[in-house]
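> From the sequence below, what's the structure:
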Amino acid sequence: MKSRASFTIESDVLARLDSIVDNIYYKSKSEAVEDIIRKFFERQHTAIILCGGDFTIQGTDTYRPLVKIGESTLIERTLSNLRSNNFRSVFISGNTNLLKKIFPLLKNGEGYGIDVKYVDDNNLKGSAKALERVRKYIGSTTLFLPGDAMFDIDLKDMIKYHISNNSVASIAISVSGSAAESVNDKLVLKGNKVVSYERLKSPIISKLVPTTIIALERDVYKYIPPGDMEWDIRQDMLPLIAKEGNLFGYTYNGQWMRIKTKQDIEKARKIFK
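Numbering: from 1, shown residues only. Alright, predicted model coming up:
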């Protein structure tokens with residue numbers, strides 16, 4: 001839906017704008033301005049990598065983001081993926097001990113062309129509260145993803161899809177091409193809109209596998225109650241957004257895997273060889 005807006009700009013800027021209206025690529029100044037602004041916002045995307053809680057491989061003291069798959073750790077793979085998809089600002093949220101392990105590896109992100117900041121989640125009550133801690137840094141579309149996952153999602157296409165729907169939130173959903181999988185999240189899709197989202201106590205079998213990769217807009221903060229209370233993204237926030245018709249699903253036929261056990265590590269090394 002288009003909206004009308006009025007601006008006052010310097011005459012030399014207007015002249016340069018007129019010069020790119022060629023009736024081929026841009027047919028009007030309005031079309032040129034919209035495209036320029038859209039591309040500017042596309043370059044400003046922020047990502048939050050959640051590494052909260054214990055976050056170690058089951059039965060060990062090895063932190064999941066530092067597990068090596070091939071020649072790179074999970075956190076390095078995630079950062080490289082974000083960089084190749086135009087993300088320039090990344091926050092890593094985790095406990096102090098984990099962040100102390102990650103920092104020598106990534107530092108401030110200069111080796112990746114990304115600005116990396118670290119946010120401790122000590123005493124954090126729920127994943128949604130991790131969003132609250134970085135609220136003042138968030139300007140536009142934000143991607144929320146875990147630091148212990150392997151995936152082959154086209155993040156650039158997902159963000160484009162998210163923006164085109166003008167939605168508060170869009171969740172990546174892996175569509176199983178063969179056998180159904182065990183999941184703890186039950187969702188109902190109507191077209192590309194998630195009309196119901198529920199976090200279950202016991203797993204169910206489904207061919208729709210909701211990931212923990214979620215594109216969000218600043219409007220999401222109205223779904224996070226202020227104060228010192230437990231509030232989780234999948235348990236509490238997404239069901240509310242879906243109930244109000246503001247949650248969309250980005251379905252894709254590709255890999256999605258959380259690395260939580262030694263068996264997961266071996267499986268991931270074979271799949272992503």
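
> ok, and the closest non-adjacent residue to residue 82?
The shortest distance from residue 82 to any non-neighbouring residue, by Cβ to Cβ, 6 or more residues apart in numbering, is to residue 47 (5.2 Å). Every C-beta, even on glycine, is put in place using the N, C-alpha and C of the backbone.

> my bad, residue 158
Leaving aside its sequence neighbours, residue 158 sits nearest to residue 250 (Cβ to Cβ, 6+ apart; 4.8 Å).

> how far out from the middle of the chain is the host helix or strand of the one you found?
Following DSSP states H and E, one finds residue 250 within strand 247-252. On the basis of Cα atoms, centre = their mean, to the nearest Å, strand 247-252 sits 12 Å off its chain's mean C-alpha point.

> Mind listing what's buried along that strand?
247, 248, 249, 250, 252 (16 or more other Cβ atoms under 10 Å).

> Adding pLDDT, write the residues you listed out as a markdown table.
Listed next are those as a markdown table, based on pLDDT from 0 to 100:
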| residue | pLDDT |
| --- | --- |
| 247 | 97 |
| 248 | 97 |
| 249 | 97 |
| 250 | 97 |
| 252 | 93 |
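
> thinking again about what came up before, moving C-terminal of the helix or strand the residue nearest to residue 82 falls within, what's the next helix or strand?
Per DSSP H and E, residue 47 falls inside strand 46-51. Note on strand 46-51: by DSSP H and E, the next helix or strand toward the C-terminus is strand 68-69.

> Just the closest of the buried residues of strand 247-252 to residue 265, please.
Using Cβ to Cβ, residue 252 comes nearest to residue 265 of the buried residues of strand 247-252, at 23.7 Å.

> Just say helix, strand or coil for the residue lying closest to the closest one once chain neighbours are set aside.
Sequence neighbours aside, residue 153 is the residue nearest to residue 252 in space, at 5.8 Å (criterion: Cβ to Cβ, 6+ apart). Put simply, residue 153 is coil when judged by DSSP: H, G, I helix; E, B strand; the rest coil.

> Settle this for me: residue 153 is touching residue 256, isn't it.
Yes. In this structure, residue 153 is within contact of residue 256 by Cβ atoms under 8 Å, at 7.5 Å.

> Now do the shared contacts for the two.
172, 211 (Cβ atoms under 8 Å, 6 or more residues apart in numbering).
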